[in-house]
Each structure stands twice: as structure tokens, then as C-alpha cells.
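# could you work out the structure for the sequence below:
(2 chains)
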Amino acid sequence: MEPFVTHTGVGVPLRRSNVDTDQIIPAVYLKRVSRTGFAEGLFAAWRAEPEFVLNLEPFSGGSVLVAGQDFGTGSSREHAVWALADYGFRVVISSRFADIFRGNAGKQGLLTAQCAQSDVELIWKLLESDPGTELTVDLREKTVRGKDLVVPFTIDDYTRWRLLEGLDDIALTLRHAESIDAFETSRPAWLPITTG
Amino acid sequence: MGATLAEKVWDAHVVNRGSGDEPDLLYVDLHLVHEVTSPQAFDGLRLAQRRVRRPDLTLATEDHNVPTDLSADGQLLPISDPVSRLQVETLRRNCAEFGVPLYSMGDREQGIVHIIGPQLGLTQPGMTVVCGDSHTSTHGAFGALAFGIGTSEVEHVLATQTLPLRRLATMAVTVDGTLRPGVTSKDVVLAVIAQIGTGGGQGHVIEYRGSALAGLSMEARMTICNMSIEAGARAGMIAPDETTFEYLRGRPHAPGDAGWDAAVAHWRTLRTDDDATFDREVVLEAGSLAPYVTWGTNPGQGLPLSAKVPDPDAMGDPNERAAARRALTYMDLKPGTPLRQIAVDTVFLGSCTNGRIEDLRAAADVLRGRKVADGVRMLVVPGSMRVRTQAEAEGLHEVFRTAGAQWRSAGCSMCLGMNPDQLAPGERSASTSNRNFEGRQGKGGRTHLVSPLVAAATAVRGRLSTPDDLD
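Numbering: from 1, shown residues only, chains lettered A, B, ... in the order given. The predicted structure follows:
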């Protein structure tokens, strides 16, 4: 995974709450067996509306999505993260993320920056009054900057460390291989197996 | 201080305790796999030259893409969409290569992943269960800690049989009293979600408790835990009791005579201690609950069926107001319309929420001697091949067919429309599934979430109804 330290790109105001993963990528786009090529399905239904923000210049080239509360609810599909990343997003800002989505994003180097709803409103106003404004998201400082606006965001320290270092989860876990072996010897015999 | 059920199960599975913000490493007792969220995980293993650590704790099935149509002589039809077929064939190749057991289309054990785990007896109290599917919360009905994971985590579990997870907060949802006739566990969970909102359970494991839960069957409990994710909770749990043990006894993968007593003795310890505390508590009175239906485009936008479509202008919170406005536009509904007046084109009975035998029996009881309304199509999709076989043995399929409903084979079907079972743009459904998101059941489709009883009554009257509304 590529380390994430800072990112600067055009902010995209998405004034919607409860953006569920069926909206981020509808089920019919989930049939690919690779990790790439999902950008086509990103917000597929909404992109059919001409006034949808990603159909407007200069937002179509944005890389920092600024959304309403409860982003990424619903289905566990990691395809939602792949679609956002494949389209070019590096950061999603919201005042609250669904747990599974946030976890999936952290595995793929897509930063989920949690800001207070009042700060999200300030960023929306900035982006709407001056479309094309670039936002700089600094993971070391945990800040979002745009023009004169600076707002803090939160992210758990462990995910932050993993993103800053670009660390792979499986390799980290395999450092505990002996503990896993030991745990397995202590499991009760009556627990089920799927074979035989 | 005592521990909650969730904390007990968690603590029993910690392989490595994280310090500070570092996650705990949890052992996974059962990993369920399906075709949609696994191909990239197996690819990752191949790239890193890793194997599946415990194929004997892993089980795969084909459910999301499978067609549910039957030919005139009752045979399954092949997958016609080449992209769907490739995804299913990829799962078969991956399972063969990595030694993972798989129930394919046509197998008598095939079905929706969250239906087959419990019915095989693989889901047991106190276990950790994961699957690349958010409705894995279903398995919590047995007192298991069960949650959905993303594809990177699927790969992680395949490789290590563990998952790094930060401790979750706990929430108690207590439902005391007795449910009135016609009020089901689906109505309970829709009422819970309407009360706490789609983000209300975020970061929590919900434990459902109270006297109303004790009287529910395992099927009904699974419906409640299934929709925990729609309240934002990662998992939902119910402490195991005699109902749980009786359900498990004799199932293919349940402990045999040798291990049964030891297992039950352990299972009896799986309850929240009297002096344990929850981070949050919500209380509902069972007797005050009524059949629920959603009017909007998230599962929290629900009301009793006797209510009217709400007026966004009357909502205090600006975000809620904006979401309601958008939902009513999408749903093509006007504020003040009685919910009972809403006419549907389609009724879907099935899914991991309500595709079990008890759900089919309840709907068949309503439909027996009645007809599906003109212009309404009703799909009845059993959750698994075993449910299908059982229903056919009881003659339920004849009840559905005689009423004018379509009797199908097992799969996820119209819950999410990855197979050909979809709503056309503008079509409206009453659906026993779990999500009423925009386009969930087909692009432009409009979904009202309901219980099996309401689904069946709605099919007869052609408008959102309870069985009491029928002659």
C-alpha cells in the first residue's frame, strides 16, 4: 500500500446524508473479479442526473469528497472503496462514517477524515462559493485546509500510523503467527468444522 | 465488574491484545464466503503465494448471482448473464484450488450464506463468525459474535484465520412485554431502527434482551439480528437459551453426543452478567409495537402501517428534512397520504432477513384460499434449498402457486437484484428484505420494507396492508 501523508486536490461538495454503498456503486456493477475498473459504476444512478455534482466542472476532476453524515452505510462491499479510488478520490470527509466502510477504506489507502458537521458545512460553503478550490488534507497534522479555512479532523491513531507507513495488514498479523498457533491448540474439540 | 455477552465472546477469542489504539487480534471460528466479495481476496492470496490457513473453518456458497427461475418441470435454469456466470465460476475455481468446501447451485445445501450456516448447525453460541457480507449479523441470534467484513479482510481471514479489530462499544436494546398478534420480529427491528436511526448503532454491538425476545423462535431472532447493520451496528446478539439449544440439537454440524454436554455447559455461561454495564441502553415496550413499513429510502425511515406519509417540512433537523424530501421525491409519495393507500406492483418474499421456513409458513397462512391482486406479481424465494424442500414437503409451494404467486428456487434474488429478479424503473414493491435504498432492487425501483405477514396481505389487496385488512 502506498503511504498517505498529505494530499491536495479539488474538493467536491456532496450535500447528501446517508450515502449508502448501494449509491456509491450499485449491485449490478459488482460482478467484476478484479480490483480495478469500478470507476464506471461510481454513483452510477446519480451520475445519470445532469446536475449531479460530479457532472459539473470543475468538480468532475475532484479528489476530495466532502459528504453529509453517515457516509458508506449498508452493504460491506469494498467495491465502494475501489470505485471511489478508481475514479481518483484519495480522501472522503464526513461527520460520521459507517464502520465497515471506514475499515475497508483504511485497507486501500483511501483516507476517511471525520470532521464536525459544522466544519463540513464550512467546507461545503467554501467549495460552493468558489468551485474548484483545492483542499489540502494533512494526515500528520490531521487538518483540512482550503484558502483561509483550516479545520481539524479525527482518525484513530492505529489507522493513521498504518496509512502514514503504508503497512499491509496481513504482514502485520503474521508477526503474531506463534500466538495464532498457540490459540488453535486451546480451542474446544466440539467446535464445528466445515469439512467432513 | 461483570462482562456483557459481547465482551465475553470477544475476550475468549483474543489472540493478541492490542495496546492503546492498536486493535485486538481476534480468532475467527467460522468464515463464510460467497462469490461477490471473494474473487479479489483469493487473487491477493495467489499474488502473495499464501494458502488458506483453515479451509476446514471456511465454507462457500453461491447465492447473490444465482437465477431463481425454474423451468416448467421444476429444474433450475443456468446463469444466462456471462458476467454473473464468470463470478460464480471464479468462486468454483478458487474453492477447488484452495481446498474450500463449496455448495454450488443445485446442491441440496446451497442457499443464502446466512440461511445455510445456522441450518447446518455451523453457527453456534459463543463463536466468532465473519463473512464478506454485512448481514453476517444474522448469526448473532445464536449468541455468536458475527459481523460483515470487506474483501481485504476476507483475504486477511483466509490467510490468517484472524482479524485485527478495535473493541466495539456495547448497546442494550431491551424489548419487554408481549408482542400483539400480527406483530412480528421484523416489526420490532424496523421500530428499533426508526428509533435510533441508521447511524445510531455505529461502533456498537447491540445485545437484544428482554422478555419479548425470550418468546421468539430462532428464525424470528435471526430476523432481528440480521438488520442490526441497518441501524449502523456491526453486530447484533441474543443470549442463547433453551430455544437455541433445541434448534441446534441434531443438526449436521452441531456437537454430537460426545461433545453436547460440554458445549451446552459452556453455552449457558454466555449471558451478560447482572452487574455488567452497557455503553448505551434503549428500551421498547413490545405491547406498543404495530406492523411497521418504510416510506423512504433508508431503513430508518419507517412508521407504523396505520400512519401517513410524513411531512418533511414538519421535521426539525435540516439534514433529516433534506433527506426526507429527497426520499419522497424518489419514492413518488405525497405527505399526508395514508400508508395503507400505497399501491404496489410487486411483492417479494425472501432474503436472509425473511426467507426461512417460518416466514414462508406465515405468508402461506395468509394466502391460503386467497388470490394475489390483479396486476401484482409476487415472488416467493426460499432462502435455501433446504427451506425450499421443506416448504414443498409441507405443500406451501402449492398454496403460493394457487394464489397466483411465483414459486422460485433459493438465492438472494430481488433483495439486491444481482440476478435477473429486479424491479423495473418506477415499479414499487413491498419487500421482506432489508434495504430500501434507491435502486436497491433495480434501477429506479421503489421499495417498502415489510414483514412476511404484511407482504402477503399486501399481495392480496394490492396496497400496503396487514392481514386484518383482508375480508
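
# alpha carbons only for contacts and neighbour counts from here, please
Will do.

# does the longest helix seen in chain B reach chain A?
As far as residue count goes, and with DSSP state H defining each element, the longest helix of chain B is helix B:82-98. Yes: using Cα under 8 Å from any Cα of the partner chain, helix B:82-98 reaches chain A at B:Val83, B:Ser84, B:Gln87, B:Thr90.

# where does the last one land on pLDDT?
In the predicted model, B:Thr90 carries a pLDDT score of 97.

# try the first one
Listed pLDDT for B:Val83 reads 93.

# neighbours around the closest residue to it other than its chain neighbours, how many?
Leaving aside its chain neighbours, B:Val83 sits nearest to A:Lys31 (6.2 Å; criterion: Cα to Cα, 6 or more residues apart in numbering or on different chains). When neighbours are counted by other Cα atoms under 10 Å in any protein chain shown, A:Lys31 registers 22.

# still on that earlier bit, in JSON lines, list the residues of helix B:82-98 next to chain A along with neighbour count.
Output for the residues of helix B:82-98 next to chain A, formatted as JSON lines (neighbours: other Cα atoms under 10 Å in any protein chain shown):
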{"residue": "B:Val83", "neighbour count": "17"}
{"residue": "B:Ser84", "neighbour count": "24"}
{"residue": "B:Gln87", "neighbour count": "23"}
{"residue": "B:Thr90", "neighbour count": "18"}
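
# redo those residues as a markdown table? Include distance to B:Arg108.
Below are the residues of helix B:82-98 next to chain A laid out as a markdown table (distance: Cα to Cα, whole Å):
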| residue | distance to B:Arg108 |
| --- | --- |
| B:Val83 | 25 |
| B:Ser84 | 21 |
| B:Gln87 | 21 |
| B:Thr90 | 21 |
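
# residues contacting B:Ile196?
B:Ile196 makes contact with B:Ala231, B:Gly300, according to Cα atoms under 8 Å, 6 or more residues apart in numbering or on different chains.

# give me the phi and psi for it.
phi -100, psi -10 (degrees, to the nearest 10).

# circling back to that earlier point, after the longest helix of chain B comes which helix or strand?
Reading on from helix B:82-98 to the C-terminus, the next helix or strand found by DSSP states H and E is strand B:102-103.

# just give the strands next to that following strand in its sheet, each with its orientation.
strand B:58-61 (parallel) (DSSP bridges).

# got the CA coordinates for the partner strand in CSV?
Extracted C-alpha coordinates of strand B:58-61, given in CSV (Å, rounded to 0.1, in the frame of the first residue of the first chain):
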residue,chain,number,x,y,z
THR,B,58,-14.3,-21.9,5.8
LEU,B,59,-17.5,-22.6,3.8
ALA,B,60,-18.5,-21.1,0.5
THR,B,61,-21.8,-20.9,-1.3
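
# got the contact list for it?
Residues external to strand B:58-61 that are found in contact with it (Cα under 8 Å, 6+ apart): A:194, B:30-35, B:95, B:100-104, B:110-113.

# give me the number of residues near B:Leu48?
Slight slip there: residue B:48 is Ala, not Leu. For B:Ala48, using other Cα under 10 Å, the count is 9.

# how close does it sit to B:Asp56?
Counting by Cα to Cα, to the nearest Å, the separation of B:Ala48 from B:Asp56 is 21 Å.

# next one: A:Leu164
36 Å.

# equivalent analysis for B:Ala12, please.
Counting by Cα to Cα - B:Ala12 and B:Asp56 are separated by 20 Å.

# who has more neighbours, these two?
The neighbour comparison of B:Ala12 against B:Asp56 (other Cα under 10 Å) goes to B:Asp56, with 18 against 14.

# just the helices in chain A please.
Using DSSP H, the helices found in chain A span residues A:21-24, A:44-47, A:79-87, A:99-108, A:117-129, A:157-165, A:169-174, A:177-185.

# distance to B:Gly350 for those - can I get that in JSON lines?
Output for the helices of chain A, formatted as JSON lines (distance: least, Cα to Cα, whole Å):
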{"stretch": "helix A:21-24", "distance to B:Gly350": "19"}
{"stretch": "helix A:44-47", "distance to B:Gly350": "25"}
{"stretch": "helix A:79-87", "distance to B:Gly350": "25"}
{"stretch": "helix A:99-108", "distance to B:Gly350": "25"}
{"stretch": "helix A:117-129", "distance to B:Gly350": "38"}
{"stretch": "helix A:157-165", "distance to B:Gly350": "38"}
{"stretch": "helix A:169-174", "distance to B:Gly350": "37"}
{"stretch": "helix A:177-185", "distance to B:Gly350": "37"}
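
# among those helices, which comes closest to B:Ala391?
With Cα to Cα as the measure, helix A:21-24 is the member of the helices of chain A nearest B:Ala391 (31.7 Å).

# now do the buried residues in the longest helix of chain B.
For helix B:82-98, a neighbour-count test (16 or more other Cα atoms under 10 Å in any protein chain shown) marks B:Val83, B:Ser84, B:Arg85, B:Leu86, B:Gln87, B:Val88, B:Thr90, B:Leu91, B:Arg92, B:Asn94, B:Cys95, B:Phe98 as buried.

# who touches it?
With contact meaning Cα under 8 Å, 6+ apart, helix B:82-98 is reached by A:31-33, B:34-36, B:38-39, B:42, B:51-52, B:55, B:60, B:62, B:65-66, B:79, B:100-102, B:104, B:419.

# burial measure for the nearest residue to B:Leu76 once chain neighbours are set aside, as a count.
Nearest-residue entry for B:Leu76: B:Leu70, 4.9 Å, with adjacent residues in sequence omitted and distances by Cα to Cα, 6+ apart. By other Cα under 10 Å, the residues close to B:Leu70 number 15.

# and B:Leu70, what does it touch?
B:Leu70 sits next to B:Leu76, B:Leu77, B:Arg408, B:Ser409 when contact means Cα under 8 Å, 6+ apart.

# what is the nearest of these to chain A?
B:Leu77 (19.3 Å; Cα to the nearest Cα).

# ok, and the most crowded of the contacts of B:Leu70?
B:Ser409 (27 neighbours).

# ramachandran coordinates for B:Gln124?
When read as degrees, to the nearest 10, the backbone of B:Gln124 gives phi -130, psi 160.

# equivalent analysis for B:Val175, please.
Here the main-chain torsion angles of B:Val175 (degrees, to the nearest 10) amount to phi -120, psi 100.

# pretty sure it contacts B:Ser211?
Yes: using Cα atoms under 8 Å, B:Val175 is in contact with B:Ser211, at 6.7 Å.

# so which of the two has more stuff around it?
The residue with more neighbours, out of B:Val175 and B:Ser211, is B:Val175; 22 against 13, by other Cα under 10 Å.

# for B:Val283, see how far away that one is.
6 Å.

# next one: B:Gly74
In terms of Cα to Cα, B:Gly74 sits 47 Å off from B:Val283.

# so which of those two has more stuff around it?
With neighbours defined as other Cα under 10 Å, B:Gly74 and B:Val283 compare such that B:Val283 has more, 14 against 11.

# okay, and the beta partners of that one?
On the basis of DSSP bridges, B:Val283 is bridged to B:Thr174.

# so who does B:Val154 touch?
Per Cα under 8 Å, 6+ apart, neighbours of B:Val154: B:Thr37, B:Ser38, B:Ala41, B:Cys131, B:Gly132.

# Serialize those residues to CSV and add fields for neighbour count.
Shown next, in CSV, are the contacts of B:Val154 (neighbours: other Cα under 10 Å):
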residue, neighbour count
B:Thr37, 28
B:Ser38, 26
B:Ala41, 24
B:Cys131, 30
B:Gly132, 27
